[in-house]
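Colleague: Return atomic coordinates for the entry below.
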Amino acid sequence: MLKYYQILRNLREDNDYSQTSFAEKIGLNRSTYSKYECGINDIPIPTLNLIVNKLNISIDYLFGFSKNKKYDNMGEINIKYLHTKFKEERLKNGLSQLDVANYLDVNQNMISYYEKGEYLIPTKKLVLFCELTKTSIDYICGRIESNELDKYKKKEISV
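Modeller: Prediction:
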């Protein structure tokens, strides 16, 4: 299975961008972008939004949650929505803040801060949370209106 940074590189190359030209398109310098593409640095969520919009792909596709490159009516990442949906999905899945904190390897206070919007959850932690809850990253981020991975949950439960 390809890692997200390998998918990112392949998509950039498929669109005939050099690292330098793509970095310029999204307002970064090449060395910063290169560290994302090599998997050295975590992509901040606002930058992730720029990248997926420029490549016209879903976040779920980039991180291997979906084979769909794009969903209908994808919007921008909504940071406020992200915090609200994070808490809603935690509660919907019957998880305590401590459960999520242990899974994400952070202290419980950080989960509270994420849910209140006092701190923006790092992308890698968001991906782990979505893996735990089997929730679409695009849905949590407010880019799509329904959890496209609900279909996956239902199939898994019925097996």
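Colleague: Give me the neighbour count for residue 8.
Modeller: By other C-beta atoms under 10 Å, the residues close to residue 8 number 25. C-beta here means a position set from N, CA and C on the backbone, and glycine is covered the same way.
Colleague: List the buried residues of the helix or strand hosting residue 51.
Modeller: If you go by DSSP states H and E, residue 51 is part of helix 45-55. Neighbour counts over helix 45-55 (16 or more other C-beta atoms under 10 Å) mark 45, 47-52, 55 as buried.
Colleague: Same check on stretch 63-83?
Modeller: 63, 65-66, 71, 74, 77, 82-83.
Colleague: and what of stretch 34-48?
Modeller: 34, 36-37, 42-43, 45, 47-48.
Colleague: Residue 35 reaches residue 41, doesn't it?
Modeller: Yes: here residue 35 reaches residue 41: they are 4.1 Å apart, a contact under C-beta atoms under 8 Å.
Colleague: For the helix or strand in which residue 129 is found, enumerate the helices and strands it packs against.
Modeller: Using DSSP H and E, residue 129 maps to helix 123-133. Using 3 or more C-beta pairs under 8 Å, 6 or more residues apart in numbering; DSSP states H and E as the contact definition, the elements that helix 123-133 packs against are helix 45-55, helix 79-92, helix 97-104, helix 137-140.
Colleague: Report the buried residues of that helix.
Modeller: Those would be 123, 125-130, 132-133, for helix 123-133 by 16+ other C-beta under 10 Å.
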